[in-house]
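**Q** here is my input; please provide its structure:
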Amino acid sequence: MEVTEAPRLRIGGGSGTYSRVRILVGFLCLAAAGWGWQKRPVAAATAAAGGAANAARVEEQTFPSQVLGGERSYRVFLPPGYGRSQKRYPVIYWLYGYEQPNQEREKEILAYLSAHDVLVVYAGPVETSGNYPLYFPELVDHIDHALRTVADRDHRAVTGYSVGGFLALYTAGKYPDLVGSASSFLGATESPVGPQGFEVDYRLHEVYGNYDGVRTRLVEDPNEPAHFYHQRLNGSWLYARANHETADFDRDRATEAIPKTFDFHMHAFAAPLPKPAAFSHWDPYPNFAVWGWEVASTRRQPGFTMLDHVSARGFRCAVRQWAPGGATIPEVKLSLASARLYPPGSTHPVTIVRLHDGQTRHATLRADVQGRLNFDLNGDAYEVAIGEGAAVTVSAWRVTGAAWATAGQPVKLEVRFLNAGSARSATGTVEWESPDKGVKFTPASSRLFGLGPGETAPLAVTLTAGDASRTMARIVAAIGSERMAFEVPLFPANPKVAQKGDFEIVDGRAVTAWRHATERAETVFGDGNRDGEAAPGETFVILLKDGEALRPAEVFSNDACVDTGLRGSDSWDVYDHQLASMAYSVVSIPEKCDPGLRVHVLARIVSPTAGGYQTRYESIEFPVWWRRGQEPHVPVP
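**A** Numbering: from 1, shown residues only. Now for the predicted structure:
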């Protein structure tokens, strides 16, 4: 079949399908769907307050925003005692989208404040990209100066409904140094975020590392389309984070939803989590500040700047096209300024190891007058150690004897340790631990011999996660007081073994594929010679047969001859109005891989069904093909 002008899908960090208009439509659809449980008109919030001196009240306020370039309004809900005392109060910020004014909600907020000493700031309408996410610190600063607040992160929370719920969780991840707790009420779980013009898909279930030190809560409704996405978020957060909780929305007892969410935040005010000793942070904006560290870069494309295990002793960094496993963007120039951790003028030896090839360089940095160290790097992945002595860390891990890790079955791992410090490490014992119940290790401990600066060494360990439904296993490699944590994704056992005809390798040709969940369209995937084979020097997408068309798959493999650093995404917002998209892998074969070598991958697709969504896994095996012009000669008989 001849195909003309078949659309190509954009790959990399962003979906390439969103627009501000589409997002606005999604906001409105979410708002219309979510608050359908309201059945009775209510009096206005100000009337509910009654104007009495001993009643909670709501005030309209404005202030000039430099970030957004104009006057911004907000509503503040005040408890009864606010006007007749000098007490300071914790604050819950409620972020709202484009839903209609909601008198029932305001009545419930006022009723809660009549019995609790807390302020609620009602701000919006929100946007998930551009400058709006940068507005929150400015709003907080204004509120802390205009009202009697307890002006610290321990007594500051953020919540919201629908798109406001997404931005509440996103805000807590972007500003964990400003927020101690966050909740989402029937909120979206992903959206395009970042600077206008190069937004990137931000999927909450993939960026759980941003929330160390923050208590989180998700209220979900099993009867709503968002339930699939909420389950996906909980599938990672409930395993990866000790301070995440979830609750079902009970339509028959809807008026209890807001008080229970506020109770969660009041508990967080009373029992705040400490600042993490070492933090991780992945940010879609090229320039940002977090926990006192400041980052600037030349990135002008979708992506994430990723900081991991950051402390006074060092950090890991990279700029990637998507999180968590996107290809690095080494051409980006990256500048980092530490928090004010060192005596001004003091000198510190620094070791910088480029992780993909082990290239190591040493430098001595002097703290500036503010006690900061300044680093100039690029977007490649680096391990940076600060100070004298050894600095042993886990630099990489991989599954051995299988192409992926399976839940409920023994998983053999090779864990690679790196000494990124300036002196040789001592021989020691690695204790294998996990905060997860039912995760066991064989052996329980391993001996790690001393490593010189820049040297690496692998250790073998087998883990077994007894829960077959688990999506990841958390692992801690402990050497004395040093604890090095990482996560291993787990996949279901016994996936279907794909046969010829169940899938296609598409390397630059047009095929009939599902777009936006349920629309069929002739679409070009990959970039190659269009022969349907996987050869070095080209990119391709694996598509699974799904009824009347093909559906692009996300691919997972430990095989060294499978590179999944590029990713595309297909927006499903038109289908379910959840601002969501489905990711698929854009695969390449490294040049080092010889023709004829067979590779093994796990392919995953999500299909819409009458009852909601169906996730399907298939095990696929195929050979590495010859580069163009190097195909074997077959003699003619």
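
**Q** where does this protein have low pLDDT?
**A** For the chain, the stretches flagged by pLDDT under 70 are 1-53, 100, 252, 254-255, 629, 631-637.

**Q** per the record, what domains does it have?
**A** 35-270, 279-386, 393-489, 496-623 (automatic domain parsing).

**Q** export those domains to TSV and tack on mean neighbour count and distance to Q630?
**A** For every residue, glycine as well, the C-beta is placed using N, CA and C. Converted to TSV, the domains of the chain look like this (neighbours: other CB atoms under 10 Å; distance: least, CB to CB, whole Å):
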stretch	mean neighbour count	distance to Q630
domain 35-270	19	37
domain 279-386	18	26
domain 393-489	17	26
domain 496-623	18	7
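
**Q** now name the helix or strand holding the residue nearest to R361 when sequence neighbours are not counted.
**A** The shortest distance from R361 to any non-neighbouring residue, by CB to CB, 6 or more residues apart in numbering, is to I352 (5.2 Å). Element membership for I352, per DSSP states H and E: strand 347-354.

**Q** contact partners of that strand?
**A** 342, 359-367, 373, 375, 377, 380-388, 391, 395, 418, 420-422, 453-454 (CB atoms under 8 Å, 6 or more residues apart in numbering).

**Q** may I have the strands that pair with that strand, each with its orientation?
**A** Neighbouring strands of strand 347-354 in its sheet, by DSSP bridges, are strand 360-366 (antiparallel), strand 382-386 (antiparallel).

**Q** tell me which of those strands sits nearest to V91.
**A** Closest to V91 of the strands paired with strand 347-354 is strand 382-386 (CB to CB; 35.7 Å).

**Q** ok, G526 touching V586?
**A** Yes: using CB atoms under 8 Å, G526 makes contact with V586 at a distance of 6.7 Å.

**Q** quick revisit: just the CA trace of the strand holding I352, in PDB.
**A** Output in PDB follows, covering the C-alpha atoms of strand 347-354 (Å, rounded to 0.1, in the frame of the first residue of the first chain):
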ATOM      1  CA  THR A 347      39.500  24.400  49.900                       C
ATOM      2  CA  HIS A 348      38.200  21.000  49.100                       C
ATOM      3  CA  PRO A 349      39.600  18.200  46.900                       C
ATOM      4  CA  VAL A 350      37.000  17.100  44.300                       C
ATOM      5  CA  THR A 351      36.900  13.900  42.200                       C
ATOM      6  CA  ILE A 352      34.700  13.800  39.100                       C
ATOM      7  CA  VAL A 353      34.000  10.400  37.500                       C
ATOM      8  CA  ARG A 354      32.200  10.200  34.200                       C
END
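
**Q** how about the helices in the stretch 101-250 of the chain?
**A** With helices called from DSSP state H, counting those that start in this stretch, the stretch 101-250 of the chain shows them at 103-113, 136-146, 163-174, 226-240.

**Q** could you dump those to CSV with distance to P552?
**A** Below are the helices of the stretch 101-250 of the chain laid out as CSV (distance: least, CB to CB, whole Å):
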stretch, distance to P552
helix 103-113, 40
helix 136-146, 35
helix 163-174, 25
helix 226-240, 18
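
**Q** out of those, which comes closest to G568?
**A** helix 226-240 (18.5 Å).

**Q** which elements pack onto that closest one?
**A** Contact here means 3 or more CB pairs under 8 Å, 6 or more residues apart in numbering; DSSP states H and E; on that basis helix 226-240 packs against strand 215-220, strand 244-248, strand 472-479, strand 612-623.

**Q** just the angle between the first one and strand 244-248, please?
**A** What it means is strand 215-220. 20 degrees (axes from the mean of the first three to the mean of the last three CA atoms, to 10 degrees).

**Q** same thing with the longest one?
**A** For the pair strand 612-623 and strand 244-248, the angle between their directions (the same axes, to 10 degrees) equals 130 degrees.

**Q** by contact count, what packs against strand 612-623?
**A** helix 226-240, strand 496-497, strand 503-506, strand 539-546, strand 598-609.

**Q** what do you get for the shortest one?
**A** The contact analysis (3+ CB pairs under 8 Å, 6+ apart) places strand 244-248 against strand 215-220, helix 226-240.

**Q** can you give me the strands for the stretch 301-450 of the chain?
**A** Taking DSSP state E, counting those that start in this stretch as the test, the strands found in the stretch 301-450 of the chain are 304-311, 314-320, 333-337, 347-354, 360-366, 374-378, 382-386, 392-399, 411-419, 428-433, 439-442, 445-448.

**Q** redo the ones you listed as JSON lines? Include distance to A468.
**A** Shown next, in JSON lines, are the strands of the stretch 301-450 of the chain (distance: least, CB to CB, whole Å):
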{"stretch": "strand 304-311", "distance to A468": "29"}
{"stretch": "strand 314-320", "distance to A468": "31"}
{"stretch": "strand 333-337", "distance to A468": "41"}
{"stretch": "strand 347-354", "distance to A468": "38"}
{"stretch": "strand 360-366", "distance to A468": "42"}
{"stretch": "strand 374-378", "distance to A468": "42"}
{"stretch": "strand 382-386", "distance to A468": "34"}
{"stretch": "strand 392-399", "distance to A468": "17"}
{"stretch": "strand 411-419", "distance to A468": "13"}
{"stretch": "strand 428-433", "distance to A468": "21"}
{"stretch": "strand 439-442", "distance to A468": "13"}
{"stretch": "strand 445-448", "distance to A468": "26"}
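
**Q** closest one to V601 among the ones you listed?
**A** That would be, of the strands of the stretch 301-450 of the chain and by CB to CB, strand 392-399, which comes in at 12.7 Å.

**Q** partner strands of the closest one, with direction?
**A** strand 411-419 (antiparallel).

**Q** angle of the strand it pairs with against strand 428-433?
**A** 140 degrees.

**Q** so what touches strand 411-419?
**A** Contacts for strand 411-419 (CB under 8 Å, 6+ apart): 353, 355, 383, 390-402, 405, 425, 430, 448, 451-465, 473, 475, 477, 488, 490.

**Q** for stretch 429-445, what is the distance to the chain centroid?
**A** 26 Å (CA atoms, centre = their mean, to the nearest Å).

**Q** hmm, who's touching it?
**A** With CB under 8 Å, 6+ apart, stretch 429-445 has contacts from 239, 242, 410, 417, 446-448, 459, 461-467, 470, 473-479.

**Q** try 10 Å this time
**A** Stretch 429-445 is contacted from outside by 239-240, 242, 392, 394, 408, 410, 412-413, 415, 417, 446-448, 459-467, 470, 472-480, 482-485, 487-488, using CB atoms under 10 Å, 6 or more residues apart in numbering.

**Q** could the C-alpha coordinates of it be exported in CSV?
**A** This file holds the C-alpha atoms of stretch 429-445, laid out as CSV (Å, rounded to 0.1, in the frame of the first residue of the first chain):
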residue,chain,number,x,y,z
THR,A,429,31.6,-6.1,54.3
VAL,A,430,28.5,-5.2,52.3
GLU,A,431,25.3,-6.0,54.1
TRP,A,432,22.4,-6.5,51.8
GLU,A,433,19.2,-5.0,53.2
SER,A,434,15.7,-3.9,52.1
PRO,A,435,13.1,-1.8,53.9
ASP,A,436,10.5,-4.0,52.0
LYS,A,437,8.9,-6.9,53.7
GLY,A,438,9.5,-10.3,52.0
VAL,A,439,12.6,-9.2,50.1
LYS,A,440,15.5,-11.7,50.8
PHE,A,441,19.1,-11.8,49.7
THR,A,442,21.5,-14.6,49.0
PRO,A,443,24.2,-14.1,50.3
ALA,A,444,23.1,-11.8,53.1
SER,A,445,26.5,-10.1,53.0
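
**Q** roughly how far apart are the spatially most central residue of the chain and H281?
**A** Taking CA atoms, centre = their mean, the centroid of the chain lies closest to V207, which sits 2.0 Å from it. Distance, V207 to H281, using CB to CB, to the nearest Å: 9 Å.

**Q** now do the shared contacts for those two.
**A** With CB under 10 Å, 6+ apart as the test, V207 and H281 both reach G173, K174, F304, M306.
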